[in-house]
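Asks: Just the structure for this:
(one chain, ligands or ions: 1)
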Amino acid sequence: MANTTGTLWVVATPIGNLEDLSPRAQRILGEVAQVVCEDTRHSGRLLAAFGIKQRLASLHEHNESRVAPGLVARLLAGEDLALVSDAGTPLLSDPGYRLVRAAAEAGAAISPVPGPSALLAALSVAGLPTDRFAFEGFLPARAGGRRARLGALGQEPRTLVFFEAGNRVTDFLADAAEGLGAEREAVLARELTKLHETVYRGTLAELLERTRTDPDACRGEMVVLVAGRAEAQAGGGDRALLQQLLPALLEELPPSRAVKLATRLSGVPRREVYELALRLGGSGVQ
Ligand code: SAM
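Replies: Numbering: from 1, shown residues only. I've put the predicted structure just below:
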């Protein structure tokens, strides 16, 4: 049966350089019935720069659940809509997830218009392994929550990618050096595609020193990438299995027994299993 719904176009927009708005994105933004955006003034300026006249509707974290059903009803009635965020690809640490999910559940057509994304732009120039990576978005702003998340990532072998704000990057790097290891290779990619684009490379300790001594390194928008824990560094044993096993064992057994069993089953050195158990909150581990 032919699809008779309208299409929700999910359109990526520039993360700095306006030349990155693709010709296809420009055409679709001009053709749809309405553009759904985070900030109507911000997106209005973007569209005006391309001579695109459009009706704009606002969708943000605080109204998304409320406005999504009405937008889905319009899609089902045959209207085409475009979803954009302030910059980059919608849904990636940006609004849109609830709308896309509701549209999918209702059977509406959804189609991407790919383009800029700070995540992929940073990965593409970092020079860290890209065959596998873990996108962690923004970590909690509070030190306790941030440290807990970094602690849980200590054994992660994939390249880690974080979004961070300039005024918090020094605290972030200090906690990352502590939780992941000061000698871990890392990259700070700031102001990508903009006038002051800079990519700093070094160990976490070196990047921390940089942001402590160079105010420019803390300015603007940035992505922090950290090399995963190297296999050689990780020693013997099956860490993926350990990551699955230990939380479940800690729920069912006293911590010392959970550590003993996880050590035997995963083959990972006991000290490492013990440290992971502590990070997972297993008090009473001996
Ligand atoms: N969805 C967007 C995307 O795909 O790029 C990301 C939105 S998120 C709210 C904003 C964060 O992305 C910033 O705090 C920063 O970490 C990163 N970011 C956005 N633009 C950037 C740029 N030009 N250079 C470096 N990082 C950037």
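Asks: can you pull out the strands in the stretch 51-200 of the chain?
Replies: 56-58, 81-83, 109-113, 133-138, 159-165, 185-190, 198-203 (DSSP state E, counting those that start in this stretch).
Asks: okay if I get these as TSV plus mean pLDDT and distance to the ligand?
Replies: From N, CA and C alone the C-beta is placed, and that goes for glycine too. Shown next, in TSV, are the strands of the stretch 51-200 of the chain (pLDDT from 0 to 100; distance: least, Cβ to the nearest ligand atom, whole Å):
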stretch	mean pLDDT	distance to the ligand
strand 56-58	98	16
strand 81-83	98	12
strand 109-113	98	12
strand 133-138	98	7
strand 159-165	97	3
strand 185-190	98	6
strand 198-203	98	10
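Asks: ok, residue 78 - contacts?
Replies: Going by Cβ atoms under 8 Å, 6 or more residues apart in numbering, residue 78 touches 4, 5, 6.
Asks: just to revisit the earlier point, mind putting the strands of the stretch 51-200 of the chain into TSV with mean neighbour count?
Replies: Below are these laid out as TSV (neighbours: other Cβ atoms under 10 Å):
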stretch	mean neighbour count
strand 56-58	16
strand 81-83	24
strand 109-113	15
strand 133-138	15
strand 159-165	21
strand 185-190	24
strand 198-203	16
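Asks: Export these as a markdown table, with columns for distance to residue 10.
Replies: Below are the strands of the stretch 51-200 of the chain laid out as a markdown table (distance: least, Cβ to Cβ, whole Å):
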| stretch | distance to residue 10 |
| --- | --- |
| strand 56-58 | 15 |
| strand 81-83 | 5 |
| strand 109-113 | 5 |
| strand 133-138 | 17 |
| strand 159-165 | 19 |
| strand 185-190 | 24 |
| strand 198-203 | 28 |
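Asks: between the ones you listed, which gets nearest to residue 224?
Replies: Closest of these to residue 224 is strand 159-165, at 4.7 Å (criterion: Cβ to Cβ).
Asks: In the protein, what residue comes closest to the ligand?
Replies: residue 88 (2.2 Å; Cβ to the nearest ligand atom).
Asks: surely that residue meets residue 120?
Replies: No - with contact defined as Cβ atoms under 8 Å, residue 88 and residue 120 do not form a contacting pair (9.2 Å).
Asks: Looking only at neighbour counts, state which of the two leads.
Replies: Taking neighbours as other Cβ atoms under 10 Å, residue 88 and residue 120 compare with residue 88 leading, 25 against 19.
Asks: show me what contacts the more buried one?
Replies: Taking Cβ under 8 Å, 6+ apart, one finds 12, 13, 14, 15, 94, 116, 117, 118, 119 in contact with residue 88.
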